[in-house]
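Q: structure for this input, please:
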Amino acid sequence: MSILPASAAALGLLVLVATASAQTPAQADAARAAEQCETEVAETVRRMRGRDAQEVQFVGAKRALTPMADDETGVKGEGRYRSAAGRTTPFTYSCSYNLKTGATSGVVFRDAAAPVAEAAWQPDLTNVSPEACESAAAADLKQRHPRVGRITLGSDSRQVRPGSNGRIVLEGRGAVQPAPGMNAVPFSYSCEFDPRGARVVAVQTRE
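A: As a prediction, the model looks like this:
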């Protein structure tokens, strides 16, 4: 086994350090180009799709960067966005990033296929109290009708659905007698529950 002189070993180490240093700016530029372009693409998707794009994600393994003229870098890739109802739509995108100015341009995205249904939503019903919701709905009706007579709530009409910010929404129907002697009228109600506990954070009734 041969042993390199100390000067040769030091020279080799210097070459490795110089090579690593030379790669760092290019890697940093690539990271900035990808981050800025995908941020702009995500904003464009949300602006164009509205409520159908509650969550936007990108597939890092599908990202490709291409050097262009005038300090421009082209970024292409794939992603997906999910609607409030749980539908997922894949898409492709492209964008240009200027290394000098840090500006993005030419943002384009295209839906790649029809929405793909995800697994059925399964709420944690331990955080939902129908009694708390119905009490809140009754209190809301009493504020609207100070002389309210009878309030009837149909337990068979209850249903839950996902709400905003991870909340759980309980909905149902019933009938209210606005004042003694008046005919009862149907109404619907909905309550939003804090996902961290069985607490009603919002209630709404509609006649």
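Q: domain-wise, how is this structure divided?
A: According to automatic domain parsing, the chain comprises the domains 30-117, 125-206.
Q: going by mean pLDDT, which of those comes out lowest?
A: The weakest mean pLDDT among those belongs to domain 125-206, with a mean of 84.
Q: which one is the spatially most central residue of the chain nearest to, not counting chain neighbours?
A: Closest to where the C-alpha atoms of the chain average out (Cα atoms, centre = their mean) is Glu55, at 2.5 Å. Distance criterion Cβ to Cβ, 6 or more residues apart in numbering; nearest residue to Glu55, sequence neighbours excluded, is Arg82 at 4.5 Å. Glycine gets a C-beta too; all of them are placed from N, C-alpha and C.
Q: tell me what that neighbour is bridged to.
A: Glu55, Thr88 (DSSP bridges).
Q: are we agreed that Gln159 is in a strand?
A: Yes: Gln159 forms part of a strand when assessed by DSSP: H, G, I helix; E, B strand; the rest coil.
Q: just the helices from this protein, written as ranges.
A: Shown for the chain, the helices assigned by DSSP state H span residues 6-49, 130-144.
Q: convert the shortest one to PDB, retaining C-alpha atoms only.
A: What follows is helix 130-144 as a C-alpha-only set of coordinates in PDB (Å, rounded to 0.1, in the frame of the first residue of the first chain):
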ATOM      1  CA  PRO A 130     -75.500  16.300  18.800                       C
ATOM      2  CA  GLU A 131     -77.000  17.500  22.000                       C
ATOM      3  CA  ALA A 132     -74.600  20.500  22.200                       C
ATOM      4  CA  CYS A 133     -75.400  21.300  18.500                       C
ATOM      5  CA  GLU A 134     -79.200  21.100  19.000                       C
ATOM      6  CA  SER A 135     -79.000  23.200  22.200                       C
ATOM      7  CA  ALA A 136     -77.000  25.900  20.200                       C
ATOM      8  CA  ALA A 137     -79.600  25.700  17.400                       C
ATOM      9  CA  ALA A 138     -82.500  26.100  19.800                       C
ATOM     10  CA  ALA A 139     -80.800  29.100  21.400                       C
ATOM     11  CA  ASP A 140     -80.300  30.700  18.000                       C
ATOM     12  CA  LEU A 141     -84.000  30.200  17.200                       C
ATOM     13  CA  LYS A 142     -85.100  31.700  20.500                       C
ATOM     14  CA  GLN A 143     -83.100  34.800  19.800                       C
ATOM     15  CA  ARG A 144     -84.900  35.100  16.500                       C
END
